[in-house]
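Asker: got a structure for you, letters missing:
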């Protein structure tokens with residue numbers, strides 16, 4: 001066993017003494033040591049149920065003859081961090097988490113790993129760390145939140161709280177109604193109710209085969225989630241016994257399956273960053289063209305909130321991810337995950353209970369998948385849009401640039417009523433290096449929706465968007481402003497053209513004018529000059545490559 005390095009032999013008497021100091025029985029020393037990486041925190045509703053799930057995972061491990069050890073991993077809630085300095089830490093925390101997984105597993109020579117995760121950057125960060133050390137691993141996502149209630153109306157975080165800011169400004173929501181909504185929108189523990197980044201990553205983790213079937217959609221408050229946690233604890237022991245490691249599971253074929261399910265569901269645009277980062281650690285080549293190719297081949301067969309009116313609880317009732325796989329069966333690679341069951345065997349036993357939540361391929365919501373990758377002089381290395389959440393009239397759009405050098409500047413202009421129909425809001429210097437941390441722009445996009453401007457105004461940024469964003473919002477513009485991308489040299493009034501079906505994004509400037517501006521306009525100074533974010537800014541690569549760390 002890998003853990004024999006710390007527990008076997010005469011020279012390990014001091015090591016064993018310390019381990020006995022934790023309360024271990026002598027019999028525990030002869031068993032595989034299994035780490036449970038728990039991101040429990042009282043700060044994040046998606047993680048407050050993890051203390052109970054930890055117990056069920058422990059039971060499963062002990063039941064099959066393992067010795068479980070829980071250790072902590074930090075967790076940031078994007079919703080709480082949104083709209084202020086905190087959001088700069090969200091994406092960078094992904095790299096920290098990967099480093100923590102690597103450090104703890106290697107320092108303690110653990111034989112296997114159970115990842116207990118849920119929210120946005122924590123799931124990919126943990127998976128990245130597991131792939132880096134490549135010890136047997138299984139993922140348990142803690143489950144989605146139940147929808148809230150306001151009378152007969154169901155509530156969700158993004159549409160009913162973030163967009164409430166714009167509705168209050170527009171006068172279509174009263175202060176009393178807003179007060180009720182903010183107390184009722186998140187009624188239970190769990191990841192936010194729609195197909196935002198957390199739930200999208202849970203779905204893709206299951207699709208890749210890193211989680212047991214039905215794990216992604218099993219609700220945080222359900223007994224089904226407890227049984228999956230217990231079974232996951234049992235399953236890690238089989239993976240250790242057979243030495244089945246995550247790089248055996250995360251391959252080009254399983255990543256392509258994940259992208260296909262992402263496109264079929266209309267998942268978060270953040271998954272482009274995360275799947276490329278996961279591929280990087282798995283030593284698999286994956287790029288933006290893979291996403292766009294698969295998107296063009298894959299119809300969008302589900303419309304969960306924010307793109308539609310269904311929730312994760314509805315997807316679970318409709319049959320969960322196995323039912324989605326059943327719809328896509330003909331185009332999926334037949335791979336084996338942690339369950340030991342091949343994809344086509346999972347689809348054979350799956351049942352589709354609702355043909356509107358998971359539509360037939362012949363009757364999709366749209367012929368293409370949820371995400372599109374655009375190129376042009378404004379984004380020669382690419383940019384990303386969640387096209388499944390864009391109104392039909394905005395799939396092609398021309399407008400005049402309104403430029404802001406931070407999210408705060410853009411948000412202030414929106415709330416002051418300075419953005420008009422026909423504008424293209426440009427929020428720059430929010431890329432991985434320039435922000436630093438590539439902040440999400442959910443506050444300004446939700447304000448635009450709440451004010452009814454999403455049918456007449458586009459937003460472009462070198463930052464990124466929450467999975468809850470809807471409307472013509474184009475992110476990940478590469479190269480970013482801080483690295484001299486053309487977005488840095490735009491002026492108010494520049495004519496911007498967006499063609500999502502044609503995969504084009506351009507500004508009407510001649511090469512001569514562009515070169516002139518590059519000589520005249522100086523790039524903004526770094527926003528952060530100390531601490532982790534400063535180090536992150538120097539190490540992080542482009543969004544077009546997953547915003548991973550480059551060589552130090």
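Answerer: Structure's in. What do you need? Fair warning: this is a prediction, and the values are worked out from it, not measured in the lab.
Asker: How far off centre is stretch 468-476?
Answerer: Put simply, stretch 468-476 sits 14 Å off its chain's centre (CA atoms, centre = their mean, to the nearest Å).
Asker: what's the first-to-last distance across it?
Answerer: Using CA to CA, to the nearest Å, the end-to-end distance of stretch 468-476 comes out at 16 Å.
Asker: Over to stretch 261-273?
Answerer: Start-to-end, stretch 261-273 (CA to CA) is 16 Å.
Asker: any weak-confidence spans in the stretch 401-550 of the chain?
Answerer: The stretch 401-550 of the chain contains no residues with pLDDT under 70.
Asker: And the helices in it, which stretches?
Answerer: Listed in chain order, the helices of the stretch 401-550 of the chain (DSSP state H, counting those that start in this stretch) span 407-415, 442-450, 511-520, 531-539.
Asker: mind giving me a markdown table with those and columns for mean neighbour count and distance to residue 131?
Answerer: Bear in mind the C-beta positions are built from the backbone N, C-alpha and C, glycine included. Formatted as a markdown table, the helices of the stretch 401-550 of the chain follow (neighbours: other CB atoms under 10 Å; distance: least, CB to CB, whole Å):
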| stretch | mean neighbour count | distance to residue 131 |
| --- | --- | --- |
| helix 407-415 | 20 | 32 |
| helix 442-450 | 27 | 28 |
| helix 511-520 | 11 | 39 |
| helix 531-539 | 17 | 19 |
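Asker: Tabulate the ones you listed in JSON lines, adding columns for distance to residue 270.
Answerer: Putting those into JSON lines (distance: least, CB to CB, whole Å) gives the following:
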{"stretch": "helix 407-415", "distance to residue 270": "16"}
{"stretch": "helix 442-450", "distance to residue 270": "11"}
{"stretch": "helix 511-520", "distance to residue 270": "30"}
{"stretch": "helix 531-539", "distance to residue 270": "17"}
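Asker: With respect to residue 334, which of these lies nearest?
Answerer: Of all the helices of the stretch 401-550 of the chain, helix 442-450 sits nearest to residue 334, with 37.3 Å by CB to CB.
Asker: Tell me what angle the closest one forms with helix 407-415.
Answerer: 10 degrees (axes from the mean of the first three to the mean of the last three CA atoms, to 10 degrees).
Asker: Which of the helices of the stretch 401-550 of the chain sits closest to residue 426?
Answerer: Going by CB to CB, the one of those nearest residue 426 is helix 407-415, 8.1 Å.
Asker: Contacts for that closest one, please.
Answerer: 83, 87, 165-166, 169, 402, 404, 419, 425, 427, 430, 439, 441, 443-444, 447-448, 451, 459, 463 (CB atoms under 8 Å, 6 or more residues apart in numbering).
Asker: make it 10 Å
Answerer: When contacts are defined by CB atoms under 10 Å, 6 or more residues apart in numbering, helix 407-415 is touched by residues 82-85, 87, 165-166, 168-169, 402-404, 406, 418-419, 423, 425-430, 435, 439-448, 450-451, 453, 457, 459, 461, 463.
Asker: Can you tell me which of these are buried?
Answerer: Neighbour counting with 16 or more other CB atoms under 10 Å marks 82-83, 87, 165-166, 168-169, 402-404, 406, 419, 423, 425-430, 435, 439-448, 450-451, 453, 457, 459, 461, 463 as buried within these.
Asker: Please work out the average pLDDT along the helix or strand hosting residue 13.
Answerer: Residue 13 belongs to helix 13-20 when elements are defined using DSSP states H and E. Averaging pLDDT along helix 13-20 yields 96.
Asker: could you say what helices and strands that helix packs with?
Answerer: If you count contacts as 3 or more CB pairs under 10 Å, 6 or more residues apart in numbering; DSSP states H and E, helix 13-20 packs onto helix 4-7.
Asker: What is the helix it packs on packed up against?
Answerer: Against helix 4-7 (3+ CB pairs under 10 Å, 6+ apart) you get helix 13-20, strand 33-38, helix 90-108.
Asker: For residue 378, which of the ones you listed is the nearest?
Answerer: helix 90-108 (22.1 Å).
Asker: Each with direction, which strands does the very next helix or strand once past the closest one pair with?
Answerer: Next in sequence after helix 90-108, counting helices and strands by DSSP H and E, comes strand 112-117. Sheet pairing of strand 112-117 (DSSP bridges) gives strand 33-38 (parallel), strand 137-141 (parallel).
Asker: re earlier: out of the helices of the stretch 401-550 of the chain, which is closest to residue 4?
Answerer: Per CB to CB, nearest to residue 4 of the helices of the stretch 401-550 of the chain: helix 531-539, 35.0 Å.
Asker: ok, which stretches of the stretch 251-400 of the chain are strands?
Answerer: All strands of the stretch 251-400 of the chain, identified by DSSP state E, counting those that start in this stretch, fall at 371-376, 379-386, 396-404.
Asker: mind putting the ones you listed in JSON lines, distance to residue 147 included?
Answerer: Converted to JSON lines, the strands of the stretch 251-400 of the chain look like this (distance: least, CB to CB, whole Å):
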{"stretch": "strand 371-376", "distance to residue 147": "25"}
{"stretch": "strand 379-386", "distance to residue 147": "21"}
{"stretch": "strand 396-404", "distance to residue 147": "32"}
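Asker: And the pLDDT for the residue most central in space within the chain?
Answerer: The geometric centre of the chain, computed from its C-alpha atoms, lies nearest to residue 197 (CA atoms, centre = their mean), at 3.5 Å. On pLDDT, residue 197 comes in at 93.
Asker: Next: residue 119.
Answerer: pLDDT at residue 119 comes out at 95.
Asker: repeat for residue 552
Answerer: Residue 552 is given a pLDDT of 47.
Asker: likewise residue 162?
Answerer: On the pLDDT scale, residue 162 gets 84.
Asker: Tell me the secondary structure of it, please.
Answerer: helix (DSSP: H, G, I helix; E, B strand; the rest coil).
Asker: For the closest residue to it other than its chain neighbours, give its distance to residue 74.
Answerer: Spatially, and ignoring its direct neighbours in sequence, residue 162 is nearest to residue 446 (3.6 Å; CB to CB, 6 or more residues apart in numbering). Residue 446 sits 26 Å away from residue 74, going by CB to CB, to the nearest Å.
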